[in-house]
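Enquirer: coords below, sequence missing:
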């Protein structure tokens, strides 16, 4: 599966929330179906996010690029450190954590 293509499709056809605060909130409340963090996501925040996500049974996936590259993939003119997939829409992004 091409994660970048699936992510773009989820953004276009589903509901995705960008940014650390929105991602944390979606993980805490269990609204997120998947959380994606950039490779340079701050370690302290990553621990908190992992804890919230595990309590809500939300998988966390690391994007191999940094925040600037994740922003580019999301077609945003700014850096994206993390995002929460609320509704995958017509994408197959959730298969990234289910083993293909």
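Expert: Thanks, I have the structure now. Note that the structure is predicted; figures quoted are calculated from it, not measured.

Enquirer: residue 35 - that's part of a strand, no?
Expert: Yes - counting by DSSP: H, G, I helix; E, B strand; the rest coil, residue 35 is found in a strand.

Enquirer: contact partners for the closest residue to it other than its chain neighbours?
Expert: Of all residues not flanking residue 35 in the chain, residue 60 sits nearest, at 4.7 Å (C-beta to C-beta, 6 or more residues apart in numbering). Every residue, glycine included, has its C-beta placed from N, CA and C. Neighbouring residues of residue 60 by C-beta atoms under 8 Å, 6 or more residues apart in numbering: 34-37, 49-50, 53.

Enquirer: which one of the residues you listed is nearest residue 72?
Expert: The nearest member of the contacts of residue 60 to residue 72, counting by C-beta to C-beta, is residue 36 at 13.9 Å.

Enquirer: distance-wise, check the residue nearest to residue 35 relative to residue 48.
Expert: 11 Å (C-beta to C-beta, to the nearest Å).

Enquirer: picking that back up, from the contacts of residue 60, which is closest to residue 82?
Expert: For the contacts of residue 60, the nearest to residue 82 is residue 37 (4.5 Å; C-beta to C-beta).
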